[in-house]
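Student: sequence and predicted structure, then a few things I'm wondering about:
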Amino acid sequence: MAKVPENEDDLWIEGLNTEMKRVDQLFDDVPSPSMEGLQMLAVHTLERQRRRMRYEFMLFLLVASFIVGGGLLAALAAPLILLFIHGIGMIAGIATLLFSKRLRSAGKKGTP
């Protein structure tokens, strides 16, 4: 009975070796790209990256203009509410600085 598992292992290893040889033969036929091909690929990749960056920048400008425009419209439509919101924000910032020990000691030397 001890020979059967060894036989199965040997058969499995032989099958694996034949499959690996078949895969090696498939990839032996693939030609490597030429230097001109690699340069064209690099140029194409850089152009695509530039186009994508330009698209993202335009999208950023569009979203930023909508946000700034919305803020200006809100300031013109209800200036008291906007001033109230800014006042609450400043009070919250000052309160955070006053009540946070870590923020107060951040500028001091010798503190972790």
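Tutor: Yep, it's here.
Student: what's the mean pLDDT across the host helix or strand of Gln39?
Tutor: Following DSSP states H and E, one finds Gln39 within helix 35-77. Per-residue pLDDT over helix 35-77 has a mean of 93.
Student: elements contacting it?
Tutor: Contact partners of helix 35-77 among helices and strands, from 3 or more CB pairs under 8 Å, 6 or more residues apart in numbering; DSSP states H and E: helix 79-99. From N, CA and C alone the C-beta is placed, and that goes for glycine too.
Student: export the helix it packs on as PDB, just CAs?
Tutor: Output of helix 79-99 as PDB, limited to C-alpha atoms (Å, rounded to 0.1, in the frame of the first residue of the first chain):
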ATOM      1  CA  PRO A  79     -25.200  87.200   3.600                       C
ATOM      2  CA  LEU A  80     -26.300  87.100   7.200                       C
ATOM      3  CA  ILE A  81     -26.500  83.300   7.200                       C
ATOM      4  CA  LEU A  82     -23.100  83.100   5.600                       C
ATOM      5  CA  LEU A  83     -21.600  85.400   8.200                       C
ATOM      6  CA  PHE A  84     -23.300  83.400  11.000                       C
ATOM      7  CA  ILE A  85     -21.700  80.100   9.600                       C
ATOM      8  CA  HIS A  86     -18.300  81.800   9.400                       C
ATOM      9  CA  GLY A  87     -18.600  83.100  12.900                       C
ATOM     10  CA  ILE A  88     -19.500  79.700  14.300                       C
ATOM     11  CA  GLY A  89     -16.500  78.200  12.400                       C
ATOM     12  CA  MET A  90     -14.100  80.700  14.000                       C
ATOM     13  CA  ILE A  91     -15.500  80.200  17.400                       C
ATOM     14  CA  ALA A  92     -15.200  76.400  17.000                       C
ATOM     15  CA  GLY A  93     -11.600  76.800  15.900                       C
ATOM     16  CA  ILE A  94     -10.700  79.000  18.800                       C
ATOM     17  CA  ALA A  95     -12.400  76.600  21.300                       C
ATOM     18  CA  THR A  96     -10.500  73.700  19.800                       C
ATOM     19  CA  LEU A  97      -7.200  75.500  20.300                       C
ATOM     20  CA  LEU A  98      -8.000  76.500  23.800                       C
ATOM     21  CA  PHE A  99      -9.300  73.100  25.000                       C
END
